[in-house]
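K.L.:
Generate a structure from the sequence data that follows.
(one chain, ligands or ions: 2)
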Amino acid sequence: MPKLLFVTSEAQPLIKTGGLADVSGSLPAALKKLRWSVRLMLPAYPEAMERAAPLKTIARFYLPGVPGQVRLLEGHLPDSQVIVWLVDFGPAFDRRGNPYLDPDGKNWPDNAERFALLSRCATEVAMGRAGLRWVPEVVHCNDWQSGLVPALLSTETARPATLFTIHNLAYQGLFPQASFHALGLPPHLWAAEGLEFHGDLSFIKGGLFFADHITTVSPNYAREIQTPEFGCGLEGLLQHRSRELSGILNGIDVAQWNPADDPHLQHSFDARDLSNKAENKRALQKTFGLPRDHKKLLLASVGRLAEQKGIDWLLAAIQRLASLPVQLVLLGTGDAKLEQALRKAQQRFPDRLSVRIGYDEGLAHRIEAGADAFLMPSRFEPCGLNQLYSQRYGTLPIVHAVGGLKDTVVDYSPATLADGSASGFCFYQPRAEALLEAVERAATLFTQHITEQTAGTPGKTGGQRKKAVSTWQKMMLTSMGKDVSWRRSARQYAKLYQELLKR
Ligand code: ADP
Ligand code: GLC
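P.N.:
Ligands and ions are numbered 1, 2, ... in the order given. Here you go, the predicted model:
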């Protein structure tokens, strides 16, 4: 069996802040099914240690620049056979909560040291210097936190192949030049053709410059990041590496996100019987304290409250949104200003908008199940997972057609309706007005659906007329019937690893 070391800074259900955790928690299992011997490496945060238990120490070693002994602990991803290796160095990782931020929401001041440590540890394991019998042939790194691994490996001979996946180019791991020296990195890496980025140390450049291949999480984002609009200043380097850059769409964990068998729901449902979806809608309206009204289009949004997610466009359109036959529930946490603006908007339109500030896994599932449509007005979106979850739950996505959203949502039009591919609503201009128009289109179609359903219910004479399937329902069925599992994408990764091994 070929051996793969998968290095990441978060993995569901050990620790999660966003989609990287979903991917790291489900792709390794899919690769294991394809007969790869996988080790999932991440820091030994307290929550991760508890959830991956029982743990055993499999190696102890010293790393350059690390003042003490580092331990490698072996455990398992809960409910799976995937072997987890936790990098344990208390002063760096024995902190609860968000893995990157302190309790005030600021970056931990020693993030450079913490994730350099993770990268150094992965490098030692990759080079067979950790005293382990298992040595990888491929190292797959994810986002800036493991960006130094390909850079460090580039200085070695007889090293494993390296792949770097960009989950989000906007997070680059930038630190002052002094950090470069403090970390004791090989001096020749301080170069524009190396880790330097406009005078700063860039962790992500370690991956972008030195990995044998780069992937990102959708084919469309792979194209976009080679342009100034989406390249975050790195478009030149990415163009230069375009022959070794490709997009592989994320899959989802179809066991965890399954409306027919989801422990977070009281009312399960599937494509053969959608009647319980209405029960979930009622329950969601109750949870969020909104009037129970089946005729209103129930819109939802779940996610990090960050500029990326376009929540400000939603706020800019809120007054006109509230004049449509819609309700909106929102779950999220992040930027304090956005949180406050959302609370204010809720006070203005209490019958239409209800907001929960916080992080709640179970509620995220109930929202996917109970809403009619899911809003993702992202400015940019490398892949996005919520639009995949929502389609699986028959909740039609309304999205800005960028990144992975464009690759995974087919806009409703006469043509896409005729060929049976329509699965949601897209808007194409980065503006609140464009978002509003897309919601209007969805609301019109939904009202048509409600009217048809009402007309199809028993007549005054008691005669039962058969309900025709509405356009909205057809789109729900198209969405729910899509294969969004990891199967296809995991195969693409496995094929790529094999190609890298041949080089
Ligand atoms: P990103 O990684 O940019 O945050 P994705 O759409 O790829 O966006 O993934 C976000 C993941 O995090 C999804 O699984 C989503 O349900 C989850 N999530 C984000 N915010 C919250 C929250 N406040 N409560 C529960 N789950 C959340
Ligand atoms: C990032 C992106 C998101 C993607 C996720 C997993 O956080 O913002 O679009 O789905 O990573 O790849």
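
K.L.:
host element of residue 321?
P.N.:
helix 318-322 (DSSP states H and E).

K.L.:
before we move on, what about residue 4?
P.N.:
strand 3-7.

K.L.:
Buried residues, whichever helix or strand comes after that strand. List them.
P.N.:
Remark: after strand 3-7, the chain's next helix or strand is helix 19-33, criterion DSSP H and E. Using 16 or more other C-beta atoms under 10 Å as the test for burial, helix 19-33 gives 19-32. Every C-beta, even on glycine, is put in place using the N, C-alpha and C of the backbone.

K.L.:
From those, pick the one nearest ligand 1.
P.N.:
Using C-beta to the nearest ligand atom, residue 19 comes nearest to ligand 1 of the buried residues of helix 19-33, at 2.2 Å.

K.L.:
picking up where we left off before, what are the buried residues along the helix holding residue 321?
P.N.:
Those would be 318, 321-322, for helix 318-322 by 16+ other C-beta under 10 Å.

K.L.:
ranges for the strands of the stretch 301-450 of the chain?
P.N.:
In the stretch 301-450 of the chain, the strands defined using DSSP state E, counting those that start in this stretch lie at 326-334, 353-357, 373-376, 396-400, 425-427.

K.L.:
hey, which of those is tucked in deepest?
P.N.:
Comparing the strands of the stretch 301-450 of the chain by mean neighbour count (mean count of other C-beta atoms under 10 Å), strand 396-400 comes out on top with a mean of 27.

K.L.:
Against which helices or strands is that strand packed?
P.N.:
strand 373-376, helix 386-392, helix 403-408, strand 425-427, helix 432-455, helix 471-480 (3 or more C-beta pairs under 8 Å, 6 or more residues apart in numbering; DSSP states H and E).

K.L.:
Now with 6 Å, please.
P.N.:
strand 373-376, helix 386-392, strand 425-427 (3 or more C-beta pairs under 6 Å, 6 or more residues apart in numbering; DSSP states H and E).

K.L.:
could the ones you listed go into TSV alongside distance to residue 480 and mean pLDDT?
P.N.:
Output for these, formatted as TSV (distance: least, C-beta to C-beta, whole Å; pLDDT from 0 to 100):
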stretch	distance to residue 480	mean pLDDT
strand 373-376	13	98
helix 386-392	6	98
strand 425-427	17	98
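
K.L.:
could you redo these as CSV and give each row distance to residue 110?
P.N.:
Converted to CSV, the helices and strands packed on strand 396-400 look like this (distance: least, C-beta to C-beta, whole Å):
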stretch, distance to residue 110
strand 373-376, 34
helix 386-392, 32
strand 425-427, 42
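
K.L.:
Dump these to TSV, plus distance to ligand 1.
P.N.:
TSV is the format used below for those (distance: least, C-beta to the nearest ligand atom, whole Å):
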stretch	distance to ligand 1
strand 373-376	8
helix 386-392	4
strand 425-427	16
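
K.L.:
Where does this protein get nearest to ligand 2, which residue?
P.N.:
residue 19 (2.8 Å).

K.L.:
now that residue, nearest residue through space, not along the chain?
P.N.:
Once flanking residues are discounted, residue 19 sits nearest to residue 385: 4.7 Å by C-beta to C-beta, 6 or more residues apart in numbering.

K.L.:
count of neighbours near the one you found?
P.N.:
23 (other C-beta atoms under 10 Å).

K.L.:
wait, doesn't it sit right on residue 23?
P.N.:
No - the pair residue 385 and residue 23 does not pass the contact test of C-beta atoms under 6 Å, sitting 8.1 Å apart.

K.L.:
one step back: quick one, which of the strands of the stretch 301-450 of the chain gets closest to residue 472.
P.N.:
Minimum separation from residue 472 across the strands of the stretch 301-450 of the chain (C-beta to C-beta) falls at strand 396-400, 7.5 Å.

K.L.:
Any residue of stretch 293-303 touching ligand 1?
P.N.:
Yes - for stretch 293-303, a contact with ligand 1 is found by C-beta under 6 Å from any ligand atom, at 302-303.

K.L.:
What residues of that stretch count as buried?
P.N.:
296-303.

K.L.:
biggest separation within the residues you listed, which pair?
P.N.:
296 and 303 (22.1 Å).

K.L.:
number of nearby residues for residue 177?
P.N.:
12.

K.L.:
Look up phi and psi at it.
P.N.:
Main-chain torsions, residue 177, degrees, to the nearest 10: phi -50, psi -30.

K.L.:
go on, residue 247?
P.N.:
Torsion angles, degrees, to the nearest 10, at residue 247: phi -110, psi 130.

K.L.:
residue contacts, it?
P.N.:
216, 218-219, 222 (C-beta atoms under 6 Å, 6 or more residues apart in numbering).

K.L.:
any idea how far residue 294 is from residue 247?
P.N.:
In this view, residue 294 and residue 247 are 40 Å apart by C-beta to C-beta, to the nearest Å.

K.L.:
For residue 458, give me the pLDDT.
P.N.:
Looking at residue 458, its pLDDT is 57.

K.L.:
going forward, begin numbering at 446 instead of 1
P.N.:
In the new count, where the first residue is 446, that last one comes out as residue 903.

K.L.:
Could you look up the SS state of residue 608?
P.N.:
Under DSSP: H, G, I helix; E, B strand; the rest coil, the three-state class of residue 608 is strand.

K.L.:
What sits closest to it if chain neighbours are left out?
P.N.:
Nearest to residue 608 is residue 585, by C-beta to C-beta, 6+ apart, at 4.7 Å.

K.L.:
pLDDT wise, what is the one you found at?
P.N.:
In this prediction residue 585 is given a pLDDT of 99.

K.L.:
Now it: phi and psi?
P.N.:
phi -110, psi 110.

K.L.:
returning to what we had before: how about the strands of the stretch 746-895 of the chain in CSV, adding distance to ligand 2?
P.N.:
As requested, the strands of the stretch 746-895 of the chain are exported to CSV (distance: least, C-beta to the nearest ligand atom, whole Å):
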stretch, distance to ligand 2
strand 771-779, 12
strand 798-802, 20
strand 818-821, 9
strand 841-845, 12
strand 870-872, 16
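
K.L.:
Now for the closest residue to ligand 1 within the stretch 496-645 of the chain, how many residues are close by?
P.N.:
The minimum distance from the stretch 496-645 of the chain to ligand 1, using C-beta to the nearest ligand atom, falls at residue 613 (6.2 Å). If you count neighbours by other C-beta under 10 Å, residue 613 ends up with 23.

K.L.:
what about the spatially closest residue to it that is not a sequence neighbour, neighbour count?
P.N.:
Among residues not flanking residue 613 along the chain, residue 827 sits closest, at 5.4 Å (C-beta to C-beta, 6+ apart). Neighbours of residue 827 under the rule other C-beta under 10 Å: 29.

K.L.:
distance of residue 827 from residue 937?
P.N.:
Distance from residue 827 to residue 937, by C-beta to C-beta: 16 Å.

K.L.:
what's the answer for residue 497, then?
P.N.:
From residue 497 to residue 937 the distance is 28 Å (C-beta to C-beta).

K.L.:
which of those two has more neighbours?
P.N.:
residue 497 (26 against 15).

K.L.:
residue contacts, the more buried one?
P.N.:
459, 520, 529.

K.L.:
Next, the contact list for the first one, please.
P.N.:
With contact taken as C-beta under 6 Å, 6+ apart, residue 459 is in contact with 493, 496-497.

K.L.:
closest to residue 591 among those?
P.N.:
residue 493 (15.3 Å).

K.L.:
now that closest one, nearest residue through space, not along the chain?
P.N.:
residue 459 (4.0 Å).

K.L.:
Against residue 661, how distant is that neighbour?
P.N.:
For residue 459, the distance to residue 661 - C-beta to C-beta - is 24 Å.

K.L.:
Show me what from the stretch 446-595 of the chain comes close to ligand 2.
P.N.:
463-465, 468.

K.L.:
Closest one of those to residue 863?
P.N.:
residue 464 (33.0 Å).
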